[in-house]
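Visitor: Make a model of this:
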Amino acid sequence: MAKEGVVDPSQLRLKQYRALLQVSESIALNRHLPELISDLSVRLQEAVQFDYIGLLLHDPLRDVLRVQAMETPIQTPIAAGYEMRVDESPAGEAWKTQQPFIASDVDRDARYPTLFQNLRDLKVKSYCSLPLTSPVRRLGALSFCSLHHDAYPRENVDFLQLVARQVAVAVDNALHYKDAKTYQAELRKERDRLQLLLRINNALVSNLDLKALFVAISKSLREVLHNDYTSLALHDKERNRLKLYALDFPTGSGLIREAMDVPLEGSRSGKAFTERKPFLIKDFDSPEFNSDVSKRVTQEGLRSGVSVPLISNQGPIATMTLASRKVDAFSESDVELMVQISVQVAIAVENALAYQEITERNFANWSMGLVNLEQVNPSLLLKYSETATLDPYGVSGTASMALLQELMARASIIGQTNLSPSAGRPPAAIRQ
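Guide: Predicted coordinates:
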């Protein structure tokens, strides 16, 4: 730190000009604010006396000045993250009035008693806070403290104002850079989520088999949300409980398995189901969830999650639950995303269950059938396909099902082979 003593004014100005050049170089080299303040604390020592230097930025939402960086050789209670209300701090006064605030003798200064008592405890004798303002906006304040009295005469304050103007431009650029990086990250996140919704929509169109649909959705979710656990539990109306229909938990130890019962009381997915709203899980140790499956989830080391109900026109039919071994792995925006997905998945689950029911009812005793192409009007094929060629694999599962139903209704499928063991014959070959 600089020593007290009388300095020739011309020599002082020379040191200050050199220091300003040093400030410019520091700004060019340091994009991040803590590194900038740390570097300035070294480069400014020749031109001005201080033992503490702090950068504070105004938070308009809380109307406080928050310490962004503090450089000092000793430990202090005022560090990065420390907040001071605008009306209760000298830095706030400098920010509000756009004038330097100077306390030549902290021991005798009665202003801002709480902060100044902290400074007196640190043996600070003089204090100076300068408005940090760029050509675009008021940013905050740049503050200096010294262990010596009268460390900030007018000539030093004028110089420090020049420093503050340069630092303000650097801070503004850094904040713009940070805002741009944040905006880019948000854009990437939004892009990933839109792609996730698109992939899930494609999976819904191409999969009527519920297990295949779950596998496709779970894989897509993990790529974006990085969860460890995904499960689909269907509601058993007769027993009024959920049953774990599908599970994707590759790192699990086997405590949780498919086909396990999940009671509506005492389980997280049961809570989402009965309340018909998403449940953001932040505590897997809560005594509220005391069911066997809930205890097993905790034993597997899962720390956070989200469970959403799948609701059809007839009411809730299932739940989908995601979980992670990380604490607070899911945000409110993740919950909103899962709500969007749950609307699509609910329709798909309802359709898949209906397809399964129709298949079991209409085709339970079939293995193959012969389509009599002479009875098939090309316009019927074009109704469900882009070409007049009979290719069930070239269209979606929903379209294939509808086509089969219409072919049956028109008696265009003949030679059906019974699947029953009593049929006593091998399945017939499919011919067109």
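Visitor: SS state for residue 142?
Guide: In the three-state summary, residue 142 is assigned as strand, counting by DSSP: H, G, I helix; E, B strand; the rest coil.
Visitor: my guess is it meets residue 165, correct?
Guide: No - with contacts defined as CB atoms under 8 Å, residue 142 does not count as touching residue 165, sitting 9.8 Å away. Backbone N, C-alpha and C define where each C-beta goes, glycine included.
Visitor: okay, those two: which has more neighbours?
Guide: residue 142 (27 against 17; other CB atoms under 10 Å).
Visitor: So what sits opposite the more buried one in the bridge?
Guide: Note on residue 142: beta-bridge partners by DSSP bridges are residue 55, residue 130.
Visitor: quick one, longest helix in the protein?
Guide: helix 154-206 (DSSP state H).
Visitor: Packing partners of the first helix or strand past that one going along the chain?
Guide: Per DSSP states H and E, the first helix or strand lying C-terminal to helix 154-206 is helix 210-225. Using 3 or more CB pairs under 8 Å, 6 or more residues apart in numbering; DSSP states H and E as the contact test, the elements touching helix 210-225 are helix 154-206, strand 229-236, strand 241-248, helix 332-362.
Visitor: let's see 10 Å
Guide: Judged by 3 or more CB pairs under 10 Å, 6 or more residues apart in numbering; DSSP states H and E, helix 210-225 is in contact with helix 154-206, strand 229-236, strand 241-248, strand 315-324, helix 332-362.
Visitor: I'd like these laid out as TSV, including mean pLDDT and distance to residue 123.
Guide: As requested, the helices and strands packed on helix 210-225 are exported to TSV (pLDDT from 0 to 100; distance: least, CB to CB, whole Å):
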stretch	mean pLDDT	distance to residue 123
helix 154-206	78	20
strand 229-236	95	55
strand 241-248	95	61
strand 315-324	95	48
helix 332-362	81	46
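Visitor: show me what contacts residue 151?
Guide: Neighbouring residues of residue 151 by CB atoms under 10 Å, 6 or more residues apart in numbering: 2, 4, 48-51, 102, 104, 124-128, 144-145.
Visitor: picking up where we left off before, of the helices and strands packed on helix 210-225, which is nearest residue 25?
Guide: Smallest distance to residue 25 across the helices and strands packed on helix 210-225 (CB to CB): 10.7 Å, for helix 154-206.
Visitor: Quick one: distance of that closest one to the chain centre.
Guide: Centre-to-centre, helix 154-206 and its host chain are 15 Å apart (CA atoms, centre = their mean, to the nearest Å).
Visitor: for stretch 238-258, same thing?
Guide: Here stretch 238-258 shows a centroid-to-chain-centroid distance of 27 Å under the convention CA atoms, centre = their mean.
Visitor: What score does residue 32 have for pLDDT?
Guide: On the pLDDT scale, residue 32 is placed at 76.
Visitor: Give me the neighbour count for it.
Guide: Using other CB under 10 Å, residue 32 is surrounded by 12 other residues.
Visitor: My guess is it contacts residue 173. True?
Guide: No - under the criterion of CB atoms under 10 Å, residue 32 makes no contact with residue 173, lying 11.3 Å away.
Visitor: hmm, back to that, any idea which of the helices and strands packed on helix 210-225 gets closest to residue 389?
Guide: Proximity to residue 389, assessed across the helices and strands packed on helix 210-225 by CB to CB, is greatest for helix 154-206 (18.9 Å).
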